[in-house]
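*Asks:* Give me a 3D structure for the following:
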Amino acid sequence: MGSLHDGHLSIIKKALIKNDIVIVSIYVNPKQFNDSKDLKKYPRNLEHDLEKLKIFNKVIVYAPSDKDLYDEGEEVKKYNFGEIIKIMEGRLRPGHFDGVATVVEKLLVKFKPNNAYFGEKDFQQLVLIKELVKKIKLDVNIIGCETIRESDGLAMSSRNKFLNKSERKCAGQIIKLLDRAKKMYSTSSLKAIKSDILKQAYSIDNLKIEYFEILDVSDFLKDKKEIRAFIACRIGNTRLIDNIRI
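*Replies:* Residues are numbered from 1 along each chain as shown. This is a model prediction of the structure:
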């Protein structure tokens, strides 16, 4: 969605390894925001993004307007993704994933790529996009890309720029909570881990937990067994999410 950082650039670099041409879409999709204030303040700087992309050869930028993608009054499609949309982001942001799937389907149908790359920071979204491709029978490989982190472990995000100095220091504790859960996983029950992590989180200034979950994501991916810990929180007025593989 633009406001590019090194996490985005790492996805482009990965895509360029195995593909002759890479299309980078830059578009803040209004259909996936269920909070109009969040949509309004979401960072946008296309000129800055285009400057960052100058380091790449064989990259095409697609930066559409709303009218390029949506007819006037067009509603989002309604998808049946099952249980995965009833938890975490799906539970807290009703309609969000229908909005994501609507625009991703439009982009995939429009460009018919061999491969499409998405960051693992939005892991629940990645799962849904894989499910979307199966549902609409598109011949495209959906490839997840490792989360890129700042030096203190904070997952890179366009929203990080909203954090003031004290909030930014606090945000560095998010990965420590996830790492703590990972260390506890082999010796503690899920209930005990969750209780401990929530207790630790409540002691961190400016941090308010929205959810913390440990899930077997193979239940949704129908793939090899994989356990992940997920967290969503607000630091000041900024909402951040993260996850790690356990």
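
*Asks:* Low-confidence stretches in this protein?
*Replies:* Applying pLDDT under 70 to the chain flags residues 222.

*Asks:* Could you list the domains of it?
*Replies:* 6-145, 158-245 (automatic domain parsing).

*Asks:* Would you format those domains as a markdown table with mean neighbour count and distance to residue 151 included?
*Replies:* All C-beta spots, glycine's among them, are computed from the backbone N, C-alpha and C. Converted to a markdown table, the domains of the chain look like this (neighbours: other Cβ atoms under 10 Å; distance: least, Cβ to Cβ, whole Å):
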| stretch | mean neighbour count | distance to residue 151 |
| --- | --- | --- |
| domain 6-145 | 15 | 12 |
| domain 158-245 | 16 | 9 |
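
*Asks:* Which one of those domains lies nearest to residue 152?
*Replies:* domain 158-245 (3.9 Å; Cβ to Cβ).

*Asks:* Now do the contacts for residue 130.
*Replies:* By Cβ atoms under 8 Å, 6 or more residues apart in numbering, the contact list for residue 130 reads 142, 221.

*Asks:* Export only the CA atoms of stretch 151-159, formatted as PDB.
*Replies:* The C-alpha coordinates for stretch 151-159 follow below in PDB (Å, rounded to 0.1, in the frame of the first residue of the first chain):
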ATOM      1  CA  SER A 151      17.800  -3.500  14.600                       C
ATOM      2  CA  ASP A 152      15.800  -3.900  17.900                       C
ATOM      3  CA  GLY A 153      13.500  -6.500  16.300                       C
ATOM      4  CA  LEU A 154      10.500  -4.300  15.500                       C
ATOM      5  CA  ALA A 155       8.800  -5.500  12.300                       C
ATOM      6  CA  MET A 156       9.200  -2.900   9.600                       C
ATOM      7  CA  SER A 157       5.800  -1.200   8.900                       C
ATOM      8  CA  SER A 158       4.600   1.900   7.200                       C
ATOM      9  CA  ARG A 159       2.800   2.700  10.400                       C
END
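
*Asks:* For that stretch, which outside residues touch it?
*Replies:* By Cβ under 8 Å, 6+ apart, the residues outside stretch 151-159 that reach it are 1-7, 42-43, 121, 147-150, 160, 168, 171-172, 174-176, 179, 238-240, 242.

*Asks:* Mark which of the residues you listed are part of strands, please.
*Replies:* Using DSSP state E, the subset of the contacts of stretch 151-159 located in strands is 238-240, 242.

*Asks:* any idea which of those is closest to residue 186?
*Replies:* Nearest member of the ones in strands among the contacts of stretch 151-159 to residue 186, counting by Cβ to Cβ, is residue 242, at 21.0 Å.

*Asks:* So what pairs up with that closest one in the strands?
*Replies:* residue 231 (DSSP bridges).

*Asks:* Which stretches in the chain count as helices?
*Replies:* All helices of the chain, identified by DSSP state H, fall at 6-18, 36-41, 46-52, 66-69, 88-92, 96-111, 123-135, 165-171, 174-184, 190-202, 218-221.

*Asks:* Compile those into a markdown table and extend it with columns for distance to residue 81.
*Replies:* Below are these laid out as a markdown table (distance: least, Cβ to Cβ, whole Å):
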| stretch | distance to residue 81 |
| --- | --- |
| helix 6-18 | 23 |
| helix 36-41 | 22 |
| helix 46-52 | 30 |
| helix 66-69 | 21 |
| helix 88-92 | 8 |
| helix 96-111 | 7 |
| helix 123-135 | 6 |
| helix 165-171 | 30 |
| helix 174-184 | 25 |
| helix 190-202 | 24 |
| helix 218-221 | 9 |
